[in-house]
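**Q** Build the 3D model from these lines:
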Amino acid sequence: MTAFSLHLRRVGPAQLSVNFFHYREVFVAFSGITIIPRAATTVSNVEDGNQGETDTIPTPIVIIDQDSDPDATVVEITFGDRLGALLDTMNALKNLGLNVVKANVYLDSSGKHNKFSITKADSGRKVEDPELLEAIRLTILNNMITYHPESSAQLALGAAFGLMPPKEQVDVDIATHLTVSDDGPDRSLLYVETADRPGLLVDLVKIITDINIAVESGEFDTEGRLAKAKFHVSYKGKAIIKPLQQVVVNSLRYFLTRPTTEESSF
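**A** You can find the predicted model right below:
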């Protein structure tokens, strides 16, 4: 597997404030992410037939995979059997300056999986900027809420923008799990599971790199209201030693579970 270097640019607030991505009436701004969704559609306009309140709403899953393809960022979207062709999502990704170089659909017991291989339009290379990766994630989630409003009942973004907000909030203290394990002599595997929110991917990478840990590659999954990340990390080209592993875990836990985390970024 080709190593992938995830770079976090050091820029000032003025530079950050002008980095906007636009799709229809959806805006994503970094840092301090702001999302303005287009007018929501009723559930009956999205689903064929009657959408009963007793229907089981599947868990929306968005996976951003940097490991499986050395030349492209792979995005996988699942929402039971409810997703259509996702042409609007593909167009939205193109509006972020991206090319969808390959797309395929497969079915299994969990539903219909839509996979896209994405590269940057200007370079033909995979996406390495965590801010752009977060823009991809939020664009997909906002499209899902727009065209499948019932998905908002299962998504963190639904608390602010959905017609059917989640009935309960995720307890961050209970939901947060952090582990670091050896993954060979030259790198370690960092696993993070916590309550989802906009900007989480960017914040995780910033915290990790601020303590001089290199993020080489990884996968970031949005599963309903939870976010699950696997990062291949190293310190000076080697696996992270046990004391430094604890520093990483403590730093992330402090950030993810401190009271100010609950102040909504929506």
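**Q** what stretches of the protein score poorly on pLDDT?
**A** Applying pLDDT under 70 to the chain flags the ranges 1-55, 259-266.
**Q** Need the nearest residue in space to residue 252, chain neighbours excluded.
**A** Sequence neighbours aside, residue 178 is the residue nearest to residue 252 in space, at 5.5 Å (criterion: Cβ to Cβ, 6 or more residues apart in numbering). For every residue, glycine as well, the C-beta is placed using N, CA and C.
**Q** Sorry, wrong one. I was asking about residue 89.
**A** Using Cβ to Cβ, 6+ apart, the nearest residue to residue 89 is residue 143, at 4.8 Å.
**Q** The one you found and residue 209, how far apart?
**A** 29 Å (Cβ to Cβ, to the nearest Å).
**Q** who's more crowded, those two?
**A** residue 143 (24 against 17; other Cβ atoms under 10 Å).
**Q** Wait, that one touches residue 92, no?
**A** Yes - at 5.8 Å, residue 143 counts as touching residue 92 under the criterion of Cβ atoms under 8 Å.
**Q** ok, residues contacting the helix or strand containing residue 113?
**A** Assessed by DSSP states H and E, residue 113 sits inside strand 111-120. Contacts of strand 111-120 with the rest of the structure, by Cβ atoms under 8 Å, 6 or more residues apart in numbering, involve 58, 69, 71-83, 86, 90, 93, 97-107, 125-127, 132, 136.
**Q** ok, which stretches of the protein are strands?
**A** 19-23, 26-30, 61-65, 73-78, 98-108, 111-120, 177-182, 188-195, 214-223, 226-234 (DSSP state E).
**Q** out of the ones you listed, nearest to residue 245?
**A** Closest approach to residue 245 among those (Cβ to Cβ): strand 177-182, 4.0 Å.
**Q** Just give the strands next to that closest one in its sheet, each with its orientation.
**A** Taking DSSP bridges as the criterion, strand 177-182 forms sheet pairs with strand 188-195 (antiparallel).
**Q** quick one, the strand it pairs with and strand 226-234 angle?
**A** Angle of strand 188-195 versus strand 226-234, following axes from the mean of the first three to the mean of the last three Cα atoms, to 10 degrees, is 160 degrees.
**Q** for strand 188-195, which positions count as buried?
**A** If you call a residue buried by 16 or more other Cβ atoms under 10 Å, then strand 188-195 has these buried ones: 188-190, 192-195.
**Q** between that strand and strand 214-223, how big is the angle?
**A** Using the same axes, to 10 degrees: strand 188-195 against strand 214-223 is 30 degrees.
**Q** Return strand 188-195 as CSV; C-alpha atoms alone will do.
**A** Output of strand 188-195 as CSV, limited to C-alpha atoms (Å, rounded to 0.1, in the frame of the first residue of the first chain):
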residue,chain,number,x,y,z
SER,A,188,0.8,2.8,14.7
LEU,A,189,-3.0,2.6,14.2
LEU,A,190,-5.1,5.2,16.0
TYR,A,191,-8.8,4.5,16.3
VAL,A,192,-11.2,7.2,17.2
GLU,A,193,-15.0,6.8,17.8
THR,A,194,-17.0,9.7,19.0
ALA,A,195,-20.2,11.8,18.5
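**Q** Show me the contact partners of it.
**A** 156, 170-172, 175-183, 200, 204, 208, 225-234, 239-240, 245, 248, 252, 256.
**Q** Now do the helices for this protein: every range, in order, please.
**A** 13-17, 43-46, 87-94, 130-147, 158-161, 172-175, 200-210, 242-257 (DSSP state H).
**Q** Residue 121 is nearest to which of the ones you listed?
**A** The nearest among these, by Cβ to Cβ, is helix 87-94 at 7.6 Å.
**Q** what angle do the closest one and strand 111-120 make?
**A** 20 degrees.
**Q** What is helix 87-94 packed up against?
**A** Contacts defined by 3 or more Cβ pairs under 8 Å, 6 or more residues apart in numbering; DSSP states H and E place helix 87-94 against strand 98-108, strand 111-120, helix 130-147.
**Q** Distance from that helix to the middle of the chain?
**A** Mean-position distance between helix 87-94 and its chain equals 16 Å (Cα atoms, centre = their mean, to the nearest Å).
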